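>>> Here is a sequence together with a model predicted from it:
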Amino acid sequence: MGGIDEEYERMMYEARERASGRGRNEVLDYLDLKAANDAVRTRAVEWLLELFTAAAGEMNRAGAGLSLARTEAHRFRVGNSTMVGTRLVLRRGVRALTVEAGWPRAPRDGIVRGGGLASAAVSHFGDARAGSELLLIPDAHTEARWFVVEETGIRTELQPAHLRRHLARLLD
């Protein structure tokens, strides 16, 4: 992610140094937990984007003609919060499917709602109702899992069929 991640890592290092120098073990414990959660978030965001990228590759091998563009250090809104992460845009002509995934990096960015570690948004250019909101939920067995958040608030675990529906809509 370049500049944002480097700045974030520098700030975390400085916070650890200050806490260590002052004997603030509770702060060090918190920073260790935050680092562990950030590692889970990073792996989960990358996994989600890889799913879409791999599916687009399969479709391209079948002649779909999709182009892909990835943007790091991307900021996007989920509710009243700002997430920082990665954006993947799949295009076919004027149609576009955008996948944004990340988490708040600074206190001013807000929070991930619903007890999640990270958020993602899947959107279709020109068709806002076709989009989906995803939430990364901690899981004791697999670190974390992505869930689709329905308008009713019901959460359904992300399944391959969900991705296929988004990609099929892009190709319509």
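That came through fine.
>>> I figured residue 131 hits residue 120, correct?
No. With contact defined as Cβ atoms under 8 Å, residue 131 does not count as touching residue 120 (10.6 Å). Backbone N, C-alpha and C define where each C-beta goes, glycine included.
>>> More neighbours: which of the two?
Ranked by neighbour count (other Cβ atoms under 10 Å), residue 131 and residue 120 place residue 120 first, with 28 against 13.
>>> do you know how far that one is from residue 7?
According to Cβ to Cβ, to the nearest Å, residue 120 stands 23 Å off from residue 7.
>>> neighbours of residue 57, just the number please.
By other Cβ under 10 Å, 13 other residues sit near residue 57.
>>> Also residue 48?
By the other Cβ under 10 Å criterion, the neighbourhood of residue 48 contains 23 residues.
>>> Also residue 146?
Look at residue 146: counted by other Cβ under 10 Å, it has 23 neighbours.
>>> So it lies in a strand, does it not?
Yes. Residue 146 sits within a strand when classified using DSSP: H, G, I helix; E, B strand; the rest coil.
>>> okay, it: pLDDT?
As predicted, residue 146 sits at a pLDDT of 97.
>>> Let me see the ranges of the strands in this protein.
With DSSP state E as the criterion, the chain has strands at 67-78, 81-92, 95-103, 118-124, 127-139, 143-149, 155-157.
>>> Buried residues in the last one, which are they?
Neighbour-count burial for strand 155-157, with 16 or more other Cβ atoms under 10 Å as criterion, is recorded at residue 155.
>>> For the chain, which helix or strand comes out least confident on mean pLDDT?
Of all helical and strand segments in the chain, the minimum by mean pLDDT, DSSP states H and E falls on helix 3-21, at a mean of 78.
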